[in-house]
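Q: What shape does this take:
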Amino acid sequence: MTDQIKVAELFAGVGGFRLGLEGYSDPSHPEFSLPAAGPFKTIWANQWEPPGTQGRQFAARCYAERFGENSVVNQDIAAVLDEAEAGKREIPTVDMVVGGFPCQDYSVARPLAQAHGIEGKKGVLWWEIYRFLKLQNDRDENACRYCLFENVDRLLKSPASQRGRDFAIILSCLAERGYSAEWRVVNSAEYGFSQRRKRIYIFAERNASWDLEMRLTDGVMSRAFPMVAPAEEEIRTIRIPADPYDASRSFNLVGKASPFLDAGCMVGNRVLTCKVVENYTGARRTLGDVLIPDDEVPAEFFIDDSQLPRWEYLKGSKREERTNKKTGFTYTYSEGQMAFPDATDKPSRTILTGEGGRGASRFKHVIQCIDGRYRRLVPDELDQLQGFPRGWTNTGMTDGNRAFCMGNALVVGVPHRIGKAICELRGKE
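A: Numbers count the residues shown, from 1 in each chain. Got it, this is the predicted structure:
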């Protein structure tokens, strides 16, 4: 393998993995520039938003504008792989595949009854990753040596009917392809970033000769995100079925909780997992660090005084009787209070896809200006809360679509730190 690490980015969105690995320069705001994590070079990417209409392809258009007209394949990944397997399309051989595969079927933002896990319409996209790996591995034994994936942390305990099954299937698939794997649930704010965003990152290496016990505390994830070393009795051992089908049918049938904890590693279907206590002493950013001056905020982002009671109600605690309009069933609805306004001297809450739009919402961020007025966050601020350059999504899409892109994105600095750790260990080979 050459020094350069050639990368394919699946489910690319607006290029968060690519920016994290390759870095970027922001001359107008140098404090937000990011050096390259190593000799990474993205040579192929795919981004497609169902149902496939042109109006829904705003993320792919942003990617193409930022990285070049032919930098992304804007077609359904299943159709792309069908063509590649039939010899009708050429996908280049790469050293690494990355992707934040769609997470709606695992997300806590959806009702439990709709959280179908890996059998859901978007959960099944894991199998397109598996197909991509198989296509690469079968063509070249040394292809796709590395994998790096991102998802919501609920993946560790999905689905509700068989806790941990979906993650066991993914690990079994990776093992079947010859990969050893590490994972870590990372709350970005605990490592200095300006947003509280908890996501699972999965790193896998093919044909690796890891010492499993050492890897848990001295692997890619532990180097990227230091943690307090767990005591021996705090480490749990799990066996993953060798066949993904067996994992889907038999894994943890009687357990009420998932056996997978926030950190872990796997070699040859044997898994070690433990809880995480972060060990970070570096600089810390806050929501206030990304805010633009109030006089640069467009008028539509300020909340009219007449609308404040609605915002206050939605953000406040509730315990009230409600009636189902279809069934007539009466029930008690309750929820806790949320910060209103959001504190600017702390990391922000997690950005969601519904952050855009003027309408009052429980989950949108609201800050109070120096003059006492309240306002929503502007898209440039959302870009920077995710670690993108200011204005990254300002490519002609609506403010709502810009917010949607950032709600689906990742904190760019997280794959950056993982990429640096990969190169650090690679240099010791």
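
Q: mind checking which helix or strand of this structure has the lowest mean pLDDT?
A: For the chain, counting by mean pLDDT, DSSP states H and E, helix 244-250 ranks last in confidence among helices and strands (a mean of 89).

Q: can you list contacts of the helix or strand just after that helix?
A: Downstream of helix 244-250, the first helix or strand assigned by DSSP states H and E is strand 263-267. If you take Cβ atoms under 8 Å, 6 or more residues apart in numbering as the criterion, strand 263-267 is touched by 171, 174-175, 180-185, 208, 210, 212, 215-216, 219, 221-222, 227, 240, 271-276. C-beta coordinates here come from the backbone N, C-alpha and C atoms, glycine included.

Q: Buried ones among those residues?
A: For these, a neighbour count by 16 or more other Cβ atoms under 10 Å gives the buried set as 171, 174-175, 180-185, 210, 212, 215-216, 219, 221-222, 227, 240, 271-274, 276.

Q: before we move on, back to that, so which bits of the least confident helix or strand of the chain are buried?
A: Neighbour-count burial for helix 244-250, counted by 16+ other Cβ under 10 Å, picks out 244, 247-248.

Q: And that helix, how far out from the chain middle?
A: From the chain centre to the centre of helix 244-250 is a distance of 25 Å (Cα atoms, centre = their mean, to the nearest Å).

Q: which strands and helices sit next to it?
A: Helix 244-250 is packed against helix 165-176, with contacts defined by 3 or more Cβ pairs under 8 Å, 6 or more residues apart in numbering; DSSP states H and E.

Q: distance between the helix it packs on and the chain's centre?
A: For helix 165-176, the distance to the chain centre is 18 Å (Cα atoms, centre = their mean).

Q: And the next helix or strand past it?
A: That would be, after helix 165-176 and using DSSP H and E, strand 179-187.

Q: so the residue sitting furthest away from the middle of the chain, which of the three states?
A: The outermost residue of the chain relative to its centre, with distances by Cα atoms, centre = their mean, is residue 328 at 39.2 Å. Secondary structure, DSSP: H, G, I helix; E, B strand; the rest coil: residue 328 is coil.

Q: Model confidence for it, exactly?
A: pLDDT recorded at residue 328 is 91.

Q: Would you mind putting the buried residues of helix 244-250 into TSV with distance to residue 70 alongside?
A: Shown next, in TSV, are the buried residues of helix 244-250 (distance: Cβ to Cβ, whole Å):
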residue	distance to residue 70
244	35
247	39
248	38
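
Q: quick check, nearest of these to residue 84?
A: residue 244 (21.6 Å; Cβ to Cβ).

Q: my guess is that closest one meets residue 175, correct?
A: No. Using Cβ atoms under 8 Å, residue 244 makes no contact with residue 175, being 9.0 Å away.

Q: For residue 243, list the residues it contacts.
A: Residues in contact with residue 243 (Cβ under 8 Å, 6+ apart) are 172, 176.
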